[in-house]
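Colleague: test case, fold it:
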Amino acid sequence: MSNFKSLLIQFCLLITYHSINASRRWSSRRNPGQSSRRNSEVLRLPISNTLEPEDVYTLQPSCDIKWSIIDNSIRYLIGSNENKDNIFYIPSYIYYAYSYLKLDNILVKFISEANVLNKHIILVSINSNPEINSTQWILGVFYLKLHKIIILDSNINRNTLQRHHFKNLVKILRLSYRILSYSSGEDNNIDLDDWQLIYASDAFQQNMATWDSGLYTCIHANCIIQKIFSMNFNREWLRQIYDASLSCGIQSGYDLELIKNNMSDEEIQQIIEEVCDDELSIKFITIQNLIMNQ
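Modeller: A predicted model of the protein is given here:
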């Protein structure tokens, strides 16, 4: 029954994805010079194992950079770094499935595949508001050894502080500890008072007329991975990173049927139900020294 449910979910996502993508290809042939604001629909259903030539089109100025380019590029930046074994990446479509489709079991299966709490850093690409067709991208960062959760946002909003996404990141952290408890047979709860939540006040800021939040998400990820603090990168740099990822055979998706673990659906649900909402205290401070001194 669990395999049937998983196949049904994936089938529905793929059918919708391909129908929207077909419409997008038809629209781009009618008017290839249009802004990809219309193309943002595809970001809402990012379950695919194939990369399309038109993905590269979204790297042109004034286009919303597609999710597959962001995911591929960050995975390449991690994989080509000497500290790659200490960094774990949660791609945008896994976060989307967890946060917006409420498919918690997909996230649990994904993070249980890797011993994430032995990593130093976890990166998460986040489409900040897909339910209103937003393509504003932000980056979530866990510094696990330092007990810090950070959001880097190229369009800082002092009113919201991205509180909704901080809540989701805290839940991901708690889920990771509950999975560890399940696998080890020991109680591994965390005390959130020992953790600091930081909305980075010195995150690089985009020109809102350029639709560059996807680029800045990759720039911020590069800063974390390389331990630098520089925004001296552009879409051509991202194009080179993306091309390199394709040369390495990196794909933009996973077959959800290949995400396996030893837990039953009932055990996964129990872990999910044990994760509670937290009252959050978010600090609006700089992180440059933190990044460069790790």
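Colleague: tell me the contacts of residue 219?
Modeller: Going by C-beta atoms under 8 Å, 6 or more residues apart in numbering, residue 219 touches 204, 231, 233. C-beta coordinates here come from the backbone N, C-alpha and C atoms, glycine included.
Colleague: quick check: the first one touching residue 217?
Modeller: No: using C-beta atoms under 8 Å, residue 204 is not in contact with residue 217; the gap is 10.2 Å.
Colleague: Throw the contacts of residue 219 into JSON lines and include pLDDT, thanks.
Modeller: Below are the contacts of residue 219 laid out as JSON lines (pLDDT from 0 to 100):
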{"residue": "204", "pLDDT": "96"}
{"residue": "231", "pLDDT": "91"}
{"residue": "233", "pLDDT": "95"}
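Colleague: now do the strands in this structure.
Modeller: 87-90, 121-127, 137-143, 148-153, 196-199, 282-283 (DSSP state E).
Colleague: can I get those in a markdown table with mean neighbour count?
Modeller: Below are the strands of the chain laid out as a markdown table (neighbours: other C-beta atoms under 10 Å):
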| stretch | mean neighbour count |
| --- | --- |
| strand 87-90 | 21 |
| strand 121-127 | 24 |
| strand 137-143 | 24 |
| strand 148-153 | 24 |
| strand 196-199 | 21 |
| strand 282-283 | 14 |
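Colleague: export these to JSON lines and tack on distance to residue 78 and mean pLDDT?
Modeller: Below are the strands of the chain laid out as JSON lines (distance: least, C-beta to C-beta, whole Å; pLDDT from 0 to 100):
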{"stretch": "strand 87-90", "distance to residue 78": "5", "mean pLDDT": "96"}
{"stretch": "strand 121-127", "distance to residue 78": "7", "mean pLDDT": "97"}
{"stretch": "strand 137-143", "distance to residue 78": "13", "mean pLDDT": "97"}
{"stretch": "strand 148-153", "distance to residue 78": "16", "mean pLDDT": "97"}
{"stretch": "strand 196-199", "distance to residue 78": "21", "mean pLDDT": "96"}
{"stretch": "strand 282-283", "distance to residue 78": "26", "mean pLDDT": "94"}
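Colleague: out of the ones you listed, the one nearest residue 96 is which?
Modeller: Nearest to residue 96, of all the strands of the chain, is strand 121-127, at 6.4 Å by C-beta to C-beta.
Colleague: partners of that closest one, with directions?
Modeller: Sheet pairing of strand 121-127 (DSSP bridges) gives strand 87-90 (parallel), strand 137-143 (antiparallel).
Colleague: for residue 77, find the nearest of those strands.
Modeller: strand 87-90 (9.2 Å).
Colleague: what lies in contact with the closest one?
Modeller: The contact list for strand 87-90 (C-beta under 8 Å, 6+ apart) reads 74-75, 78, 81, 107, 110-111, 114, 116, 119-125, 172, 225.
Colleague: from those, which land in helices?
Modeller: Among the contacts of strand 87-90, DSSP state H puts 74, 75, 78, 107, 110, 111, 172, 225 in helices.
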